[in-house]
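Trainee: need a 3D model of the following:
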Amino acid sequence: MLDKWNTWKDYDSLPSWYTDEEQKLHELTADKVLGQYSRDQLERSWRWVLKELASFETEPIPQLNFDEIQRDAVGADHVARAKRAGCFIVRNVVSESESRELNHSLQTFLSEHSDAITGWPVEAPHIKQLYWTEAQVKLRAHPNHLLLQEWLNKLWEEPGQQMSTNSQQNTSTLATPLTYADALRSMPSKSTYPALGPHIDAGSLSRWLDDDYRHFYHDVFSGHPERLDLYRLKERSTCKQHVIPGPAHSSVLRTFQGWTCLTDVGENKGGIWFYPRVDLAVVYLLLRPFFEEIRSEEELVREATGSTDPTLNLTANSDGLPTPDTTPGTPEDDSSDAKYGATLKSRDAAEAARARYLSAANWKFTRPSYFPGTQSISSQCLGNKSHPHLELTKRLVSIPDLSAGDSVWWHCDGIHAVDPNHLSGDDPAVVVYIASVPSTQPNIEYVREQAETFRARKCPPDFGQTFEEAHEWNPEWLRGGERAMMLDE
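Mentor: Down below sits the predicted model:
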């Protein structure tokens, strides 16, 4: 079993990819922000988000049922909670029997072409560079999926908002779903792999560098983060998330990214973890580069406890309380109570020191030359040391156990991390990457180009592939999904 926190990287110091060219991009990005917003505005937002994060307590990931969505029976409070978290489960999107049949078809194809299929990790790909298998095409075109994706897009859409694209589509709203062909993952049982740690997709430096993207977060930079609304589809549709081209930057706006399960998936079963307050995470991420610590946590802990280790190397009992170190198999001596008391006192002192470290008084404004965890061509990465106020270790929440046919969704600004372990059962942990994609003009243009690759059975425009897929094509695979694939023109 891999310890995810040892597997997932941190970004508190300059990484190997931070070249002179990368530094110029980071400094240019900082100047873009500081040329438009004042130090006072940024500091006001910084103090606000630190206060909010200090009192934020995590909750389980919200769960919905597809039947409720289909009947338009999801309560407003459930919708509000799901939007606030920025991540949620939708169960029973596809029947379990149908999902397992699709997985059987997929596993047969994988077995027959095991020596040729490429992906990541290279030596034993769990993420497969496959886009047009029967399972993928059928799931994308499934009427339940299309209905769900429209509902998801409408969580972003302003009432009455419409968009004309051409004479055939002049009544289409932005919420009309499109199909974005993406890959899949089939993680063998009893396996581990260096899965992705906490990260956010949809661009990295682009969030600060692109004028439209930066304007989308205007409330954060202008000192009014409490006003931020991350569900403004019309404004988000103009943001250039791939202003710096890179392999991790999709060409389409995905209102929600998603996994649809073909087998059981969950914690230590190839699952996924989320930070369940998307608004606070985004506000903090955007401001973090402009503030640096005055005194390190190690320095403050050492001053308070005499130890250089913030965790104090303490074990915990079943109640989560620290216990004194005793030698196994030997009776505790008369001083055990004193040891326990000293341990608790040290733990209290360390926690107080951490609170001092995280307080706004210990952080000062700066002009950044490095945006922590932000490589221009990759997804935005986050870590415990690079983004300490998020307290990722205790606030990342795993999905519950999901069954075949269930799905999980997260806002395109949401922090997520992939479980590096699949240790339960005999089946692989199989998920198909299916996102909700609205009918914005750039998305329509991309999907039209993607349609040509589908007709030619080639790799979609956003992806690279060395294995040429060969399938026994059946027109029924796509039935009902032609419009979403832009194949009905």
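Trainee: where in this structure is pLDDT low?
Mentor: 158-172, 307-344 (pLDDT under 70).
Trainee: centroid residue for it?
Mentor: His416 (3.0 Å; CA atoms, centre = their mean).
Trainee: please look at that one and Pro198 and confirm they touch.
Mentor: Yes: using CB atoms under 8 Å, His416 is in contact with Pro198, at 7.3 Å. Glycine gets a C-beta too; all of them are placed from N, C-alpha and C.
Trainee: where do the contact lists of the two overlap?
Mentor: Trp273, Tyr275 (CB atoms under 8 Å, 6 or more residues apart in numbering).
Trainee: dihedrals phi and psi, the residue nearest to the centre of the chain?
Mentor: When read as degrees, to the nearest 10, the backbone of His416 gives phi -140, psi 160.
Trainee: next up, the contacts around it.
Mentor: So His416 contacts Cys87, Pro198, His199, Ile200, Gln257, Ile272, Trp273, Phe274, Tyr275, Trp410 (CB under 8 Å, 6+ apart).
Trainee: measure the nearest residue to the fifth one once chain neighbours are set aside to Tyr37 for me?
Mentor: To tie it back to what came earlier, the one meant is Gln257. Of all residues not flanking Gln257 in the chain, Ala435 sits nearest, at 5.0 Å (CB to CB, 6 or more residues apart in numbering). Note on Ala435: its distance to Tyr37, by CB to CB, to the nearest Å, is 31 Å.
Trainee: likewise for Lys269?
Mentor: Counting by CB to CB, the gap from Lys269 to Tyr37 is 44 Å.
Trainee: how about Val79?
Mentor: From Val79 to Tyr37 the distance is 32 Å (CB to CB).
Trainee: between the two, who's got more neighbours?
Mentor: Using other CB atoms under 10 Å as the criterion, Val79 and Tyr37 rank with Tyr37 on top: 18 against 15.
Trainee: that older thread, out of the contacts of His416, who's nearest Phe467?
Mentor: Phe467 lies nearest to Gln257 out of these, by CB to CB, at 23.9 Å.
Trainee: so that closest one is in which element?
Mentor: strand 256-261 (DSSP states H and E).
Trainee: contact partners of that strand?
Mentor: 93-94, 99, 139, 145, 152, 201, 265, 272, 402-412, 414, 416, 430-436.
Trainee: mark which of those are buried, thanks.
Mentor: The neighbour count (16 or more other CB atoms under 10 Å) marks 93-94, 99, 139, 145, 152, 201, 265, 272, 402, 404-412, 414, 416, 430-436 as buried among these.
Trainee: how about the strands in the stretch 201-350 of the chain?
Mentor: In the stretch 201-350 of the chain, the strands defined using DSSP state E, counting those that start in this stretch lie at 256-261, 272-274, 291-293, 315-316, 322-323.
Trainee: can you redo the ones you listed as TSV with distance to Ala181?
Mentor: Shown next, in TSV, are the strands of the stretch 201-350 of the chain (distance: least, CB to CB, whole Å):
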stretch	distance to Ala181
strand 256-261	14
strand 272-274	20
strand 291-293	40
strand 315-316	46
strand 322-323	51
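Trainee: and of those, who's closest to Pro388?
Mentor: Of the strands of the stretch 201-350 of the chain, nearest to Pro388 by CB to CB is strand 291-293, at 8.3 Å.
Trainee: now do the buried residues in the closest one.
Mentor: Phe291.
Trainee: repeat for stretch 10-22
Mentor: For stretch 10-22, by 16+ other CB under 10 Å, it's Asp10, Tyr11, Tyr18, Glu22.
Trainee: and what of stretch 387-406?
Mentor: Buried residues in stretch 387-406, counted by 16+ other CB under 10 Å: 387-392, 395-400, 402, 404-406.
Trainee: of the residues you listed, which belong to helices?
Mentor: Members of these lying in helices (criterion: DSSP state H): Leu392, Arg395.
Trainee: just the buried residues of stretch 387-406 now: which is nearest Glu112?
Mentor: Ala404 (21.7 Å).
Trainee: just checking, the closest one touches Ala135?
Mentor: No: using CB under 8 Å, Ala404 makes no contact with Ala135, being 11.2 Å away.
Trainee: can you list residues touching both of the two?
Mentor: Asn103, Leu262.
Trainee: the helices in the stretch 351-489 of the chain, which residues?
Mentor: Here the stretch 351-489 of the chain has its helices, by DSSP state H, counting those that start in this stretch, at 392-395, 441-455.
Trainee: any residues touching the last one, and which ones?
Mentor: With contacts defined as CB under 8 Å, 6+ apart, helix 441-455 is touched by 132, 163, 165, 169, 178-181, 237, 251-253, 437, 459-462, 484-487, 489.
Trainee: how about the CA coordinates for it, as CSV?
Mentor: Extracted in CSV, the C-alpha atoms of helix 441-455 (Å, rounded to 0.1, in the frame of the first residue of the first chain):
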residue,chain,number,x,y,z
GLN,A,441,-18.9,28.7,-29.3
PRO,A,442,-15.4,27.5,-28.7
ASN,A,443,-16.7,24.2,-27.5
ILE,A,444,-18.8,23.8,-30.6
GLU,A,445,-15.8,24.5,-32.8
TYR,A,446,-13.7,21.9,-31.0
VAL,A,447,-16.4,19.2,-31.1
ARG,A,448,-16.8,19.8,-34.8
GLU,A,449,-13.1,19.1,-35.2
GLN,A,450,-13.4,16.1,-32.9
ALA,A,451,-16.3,14.7,-35.0
GLU,A,452,-13.9,14.5,-38.0
THR,A,453,-11.4,12.4,-35.9
PHE,A,454,-14.3,10.2,-34.9
ARG,A,455,-15.3,9.6,-38.5
